[in-house]
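fold the stuff below for me.
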Amino acid sequence: MSVSLTGLSTNLSTLFSALGGSGSNATSASSLVSIAQGNISAATSGASSENPIVALQIAQRNQTQDIKAESLQPAVQRQIAAFTKAVKSATSVKQLLSNPTVLNVLLTANGLGSEAGFPALAQKALMSNPSDPNSLANQLSSTNSQWLSTAKTYQFATKGLAVIQQPSAISTITNGYAEVLWRQSLDAQTPGLSNALYLIQNAKNFTSAVQILGDSVMRSVVTTALGIPQQIAYQPLSAQEQAITNGLNISDFQKPQFVQTFADRYLAVEQSAAQSSASSSNNLAALAVKAQGLIA
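This next block holds a predicted model:
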């Protein structure tokens, strides 16, 4: 049984009156309804009614024009303009990477957006020498290979600003930034759609379980699609590799049709989990309200 948020809201005064309207009873009632409202609201927005496979097809078809549209959003344009100006005028790597806007755009474009809240770590990793096996970029690559990949791409340790100040590099970064923001916006309607697009674009670059485990997005997509519990992250690396290779012939990622099918499978699992979570939240909310006599 479930209850609509609208229906619940219209009965708030009745509930408070029935429970006394003051003192501890009123406080408990208010807290209960707040919790119920939050759960029902989350349940309502937690699972998209849109077919995720269709949503993926639409996103693929409209990708180029939609990314362009994203890049023209005023807020995005301001970030890109600030980034471009800072890169062109920078006189040292340290100065450049100390700029919060630069770091945010650069990390986001290179799949490290979640690390923008750790600027000191990011600066040290990006400025470390990827050729040194003991460098921070190499150390961090065991859990996220994007650190090493990004350090190799821009070569701050050995070439300073020479690479990132090239017009082609600036264009690649700003386009990548807009693309990531576009993908993130898709997840609001279809959970997992951003990851599915990443898989389709990058799967061919992964040839081993170790590579998959070292990429946060690929790790999430593959383990989710294969039904591997997240707790496996606490197991030895060899056990994690075995779990992946038991359910996946990684060489199949060289086949576009297989990759598309795997992306569809991932989205189906994601939607099923979202719907299950929404249903559970809805049921909990209904039970909580029923316990106070709102529902007969």
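
which strands and helices lie in contact with the helix or strand containing residue 95?
Using DSSP states H and E, residue 95 maps to helix 93-97. Counting by 3 or more C-beta pairs under 8 Å, 6 or more residues apart in numbering; DSSP states H and E, the packing neighbours recorded for helix 93-97 are helix 100-109, helix 119-127. C-beta here means a position set from N, CA and C on the backbone, and glycine is covered the same way.

what residues sit buried inside the host helix or strand of residue 76?
Per DSSP H and E, residue 76 falls inside helix 74-89. For helix 74-89, burial by neighbour count (16 or more other C-beta atoms under 10 Å) applies to 76, 79, 80, 82, 83, 84, 86, 87.

pLDDT (mean, whole number) over that helix?
In this model, helix 74-89 has an average pLDDT of 98.

rewinding a little: what does the helix holding residue 95 contact?
With contact meaning C-beta atoms under 8 Å, 6 or more residues apart in numbering, helix 93-97 is reached by 86-87, 90, 102-103, 106, 119, 122-123, 126-127, 156, 160-161, 164.

which one of those residues sits closest to residue 201?
Comparing the contacts of helix 93-97 against residue 201 with C-beta to C-beta picks out residue 106 as the nearest, at 19.3 Å.

pretty sure that closest one contacts residue 173?
Yes. The pair residue 106 and residue 173 qualifies as a contact (C-beta atoms under 8 Å) at a distance of 6.1 Å.

tell me, what's touching these two both at once?
With contacts defined as C-beta under 8 Å, 6+ apart, the residues shared by residue 106 and residue 173 are 83, 164.

follow-up on the earlier one: so which elements touch the helix holding residue 76?
With 3+ C-beta pairs under 8 Å, 6+ apart as the test, helix 74-89 has helix 52-71, helix 100-109, helix 167-187 packed against it.

can we see that at 7 Å?
helix 100-109, helix 167-187 (3 or more C-beta pairs under 7 Å, 6 or more residues apart in numbering; DSSP states H and E).

can I get these in JSON lines with mean pLDDT?
Shown next, in JSON lines, are the helices and strands packed on helix 74-89 (pLDDT from 0 to 100):
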{"stretch": "helix 100-109", "mean pLDDT": "98"}
{"stretch": "helix 167-187", "mean pLDDT": "96"}
